[in-house]
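Asks: I would like the atomic coordinates for the input below:
(2 chains)
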Amino acid sequence: DAGITQSPRHKVTETGTPVTLRCHQTENHRYMYWYRQDPGHGLRLIHYSYGVKDTDKGEVSDGYSVSRSKTEDFLLTLESATSSQTSVYFCAISEGAGGVGEQFFGPGTRLTVL
Amino acid sequence: KNQVEQSPQSLIILEGKNCTLQCNYTVSPFSNLRWYKQDTGRGPVSLTIMTFSENTKSNGRYTATLDADTKQSSLHITASQLSDSASYICVVSGGYGNNRLAFGKGNQVVVIP
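Replies: Now for the predicted structure:
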């Protein structure tokens, strides 16, 4: 998985609780991304980062925030989890901009919000 | 409307047979098209990346084609193996500096002995 780890790999939580997912890379790639994958949808971009402390929104960013204080770590936070955020979350990295550089995906985190 | 449409949604093939997956896109401008393989419970893994000037690219038993004029791509799997059972995702990039890729919903392939 190209030196990408995600933690936790599985999580069950209750509606209204905060949740933080972590993505860690050992490739020193500049760009990092958070996607969610749901049945009947393609992968959808939540947020991405183009450098330390530099982030931008994706197409489904409502209800999510991110932080990147180090090159190797990209955190995704659900401030108050809702059942609609039950999904599989993938982190990805790329050396160049996502439109050009190849993206490598992590193993995913399965999140269930009850 | 999804900018990347894949067909068939799912198919079952016998081990050793060939199959072809289709991807039609409307993304413009166009930079490159990628095919990913995603095994159940794992993240997608890149198979090929093609720019507009490339019309065919191979990776082992996988051969991708691209027709940028008609905005169509195909992924051909030769002599399928049980390990080819997976979802195959077509992804289109809209250009340099555009960090948003357009993802298809995937072709679910099941190879049976």
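Asks: would you list every one of the strands in the chain?
Replies: The chain I'm using is chain A. Secondary structure of chain A (DSSP state E): strands at A:4-7, A:10-13, A:19-25, A:31-37, A:44-51, A:54-57, A:64-70, A:73-78, A:87-94, A:104-105, A:109-113.
Asks: Chain B, not that one
Replies: B:4-7, B:10-14, B:19-25, B:32-38, B:45-51, B:56-59, B:62-67, B:72-77, B:86-93, B:101-103, B:107-112.
Asks: and the first one, what other elements does it pack with?
Replies: Applying 3 or more C-beta pairs under 8 Å, 6 or more residues apart in numbering or on different chains; DSSP states H and E, one finds that strand B:4-7 makes contact with strand B:19-25, strand B:86-93. Every C-beta, even on glycine, is put in place using the N, C-alpha and C of the backbone.
Asks: between the shortest one and strand B:107-112, how big is the angle?
Replies: Using axes from the mean of the first three to the mean of the last three C-alpha atoms, to 10 degrees, the direction of strand B:19-25 lies 170 degrees away from that of strand B:107-112.
Asks: what comes up buried for strand B:19-25?
Replies: The neighbour-count check on strand B:19-25 (16 or more other C-beta atoms under 10 Å in any protein chain shown) flags B:19, B:21, B:23-25 as buried.
Asks: which of those residues are close to chain A?
Replies: Taking C-beta under 8 Å from any C-beta of the partner chain as the test, chain A is in contact with none of the buried residues of strand B:19-25.
Asks: Same list (those) but as CSV, adding pLDDT.
Replies: Below are those laid out as CSV (pLDDT from 0 to 100):
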residue, pLDDT
B:19, 97
B:21, 98
B:23, 97
B:24, 97
B:25, 95
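Asks: so what strands line up beside the helix or strand of chain B with the lowest mean pLDDT?
Replies: Every helix and strand of chain B was ranked by mean pLDDT, DSSP states H and E. The lowest is strand B:101-103, at a mean of 90. Under the criterion DSSP bridges, strand B:101-103 sits next to strand B:86-93 (antiparallel) in its sheet.
Asks: Show the low-confidence segments of chain B, by residue range.
Replies: Scanning chain B with the threshold set as pLDDT under 70 gives B:1-2, B:95-99.
Asks: again, 80 this time
Replies: B:1-2, B:95-100 (pLDDT under 80).
Asks: And for stretch B:6-24, what's in contact with it?
Replies: Identification of contacts with stretch B:6-24 by C-beta atoms under 8 Å, 6 or more residues apart in numbering or on different chains yields B:4-5, B:33, B:35, B:71-82, B:88-90, B:104-113.
Asks: Could you report the neighbour count for residue A:30?
Replies: 17 (other C-beta atoms under 10 Å in any protein chain shown).
Asks: Please name the residues that touch it.
Replies: A:50-51, A:71, A:94-96.
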